[in-house]
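A.B. asks: fold the stuff below for me.
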Amino acid sequence: MDKKEFSRFLHFFTHSLLIKNLVLAFAIMVLLFILVLFSLNIYTHHGQALEVPNLVGLQLNDASKLLSNNEMQYQVIDSVFQPNMQPGVIVQQQPSPGSFIKSYRDVYLTINSRRPPGTAIPDVRDMSLRPAQALLENMGMHVVNVEYVPSEFSNLVKDIKYMGNILAPGQKIPAGSNVTLVVGRKALPSDGLQVMPDLHAMSLEEATSAVNNDMLTLGAIKFDEQPATDQDKASFMVYQQEPLAGDSIQAGKAVTIWLTRDNNKVNPSDSSASNTKKAVKPKKKKDIEKFF
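C.D. replies: Residues are numbered from 1 along each chain as shown. Model prediction:
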């Protein structure tokens, strides 16, 4: 390339708008790259690290102040129940004490729950005492008492009690709770005979209470139509029972009840009396007409 051609090329390079724009764009990109690196160094506190303090055993308020003073933040991500620790204290942390993190980063905390988690009661009714007790103990509950009641069958669990109340299967109580097993035993001569109570027109709950109060056992429960829900059961009433009301029976005997929502079944005399009354009215009318 001679001097003339080089002079033309230099003139084109220095006076071309395209070349100027390309050079300007490249310079802007370099400048932006430098600015981004500088901003990242400031945002990430490059080269700075803070030691994570030990928070285990502290209440959340105290831990929050300590972290704030050390330019750190926290998040509570879980809770557990440990009976040997005070409620609300921190039981675990991540990162672990002594680790190094950047300032204003999160420390993830697990705190001790103020209430033990609920445990659903299994259905141990009609199970033998020992298997039922083993199942409950394995679930974290403590069988502290066994209460015997007269029954047609010995050594079978009838109910579970917690704080004096009978529990329904699936009902939740705090883990580690003390429970009492209500276990059947065959009636003894000393139990004597019981008078069968009248369960007529009672709800299922009322009938169950009446049977239990008279040292009897509620056996088969028969609905004339299947209740849609447990709440729906409350609208059913007893219309038949076996043994009959007033019968003398041995303590612990199983009682069968039939339930319905049909008022004509519960009080059949009402409907028959109503029909009789309707039949009588015309007769009276004829008698009056005869008299006049």
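A.B. asks: do a quick rundown of the helices in this protein.
C.D. replies: 3-15, 17-43, 60-69, 129-138, 204-213, 263-266, 268-291 (DSSP state H).
A.B. asks: what comes up buried for the shortest one?
C.D. replies: Think helix 263-266. For helix 263-266, burial by neighbour count (16 or more other C-beta atoms under 10 Å) applies to 265-266. C-beta: built from backbone N, CA, C; applies to glycine.
A.B. asks: Leu22 versus Leu32, what's the distance?
C.D. replies: According to C-beta to C-beta, to the nearest Å, Leu32 and Leu22 sit 16 Å apart.
A.B. asks: same thing with Ala134?
C.D. replies: Taken as C-beta to C-beta, the span from Ala134 to Leu22 is 83 Å.
A.B. asks: now do the closest residue in space to Tyr108 that isn't next to it in sequence, the pLDDT please.
C.D. replies: Sequence neighbours aside, Gln94 is the residue nearest to Tyr108 in space, at 4.5 Å (criterion: C-beta to C-beta, 6 or more residues apart in numbering). As predicted, Gln94 sits at a pLDDT of 93.
A.B. asks: my guess is Gln94 meets Ile101, correct?
C.D. replies: No: at 10.5 Å, Gln94 does not count as touching Ile101 under the criterion of C-beta atoms under 8 Å.
A.B. asks: please identify which of these two sits among more neighbours.
C.D. replies: Neighbour totals were compared for Gln94 and Ile101, and Ile101 leads with 17 against 13 (other C-beta atoms under 10 Å).
A.B. asks: tell me what that one is bridged to.
C.D. replies: Leu50 (DSSP bridges).
A.B. asks: need the pLDDT of it.
C.D. replies: 87.
A.B. asks: ok, now how distant is it from Tyr108?
C.D. replies: Separation of Ile101 from Tyr108 (C-beta to C-beta) stands at 11 Å.
A.B. asks: same check on Arg115?
C.D. replies: For Arg115 relative to Tyr108 (C-beta to C-beta), the value is 22 Å.
A.B. asks: and if you look at Asp214?
C.D. replies: From Asp214 over to Tyr108 (counting by C-beta to C-beta), the distance is 59 Å.
A.B. asks: could you do Val179 as well?
C.D. replies: Going from Val179 to Tyr108 by C-beta to C-beta gives 36 Å.
A.B. asks: name the residue in those two with the higher neighbour count.
C.D. replies: Each of Val179 and Tyr108 has its neighbours counted (other C-beta under 10 Å); Val179 has more, 18 against 13.
A.B. asks: poorly predicted segments of the chain, please.
C.D. replies: For the chain, applying pLDDT under 70 flags the ranges 1-4, 6, 8-16, 40-48, 187-191, 270-292.
A.B. asks: for Pro174, which non-adjacent residue is spatially closest?
C.D. replies: Counting by C-beta to C-beta, 6+ apart, the residue nearest Pro174 is Pro116, at 4.2 Å.
A.B. asks: so that neighbour makes contact with Pro83?
C.D. replies: Yes: between Pro116 and Pro83 there is a contact at 7.4 Å, judged by C-beta under 8 Å.
A.B. asks: please say which of these two ends up with more neighbours.
C.D. replies: More neighbours surround Pro116 than the other of Pro116 and Pro83, with 16 against 9 (other C-beta under 10 Å).
A.B. asks: show the contacting residues for that one.
C.D. replies: 81, 83, 174-176 (C-beta atoms under 8 Å, 6 or more residues apart in numbering).
A.B. asks: look up how far Val80 lies from it.
C.D. replies: From Pro116 to Val80 the distance is 10 Å (C-beta to C-beta).
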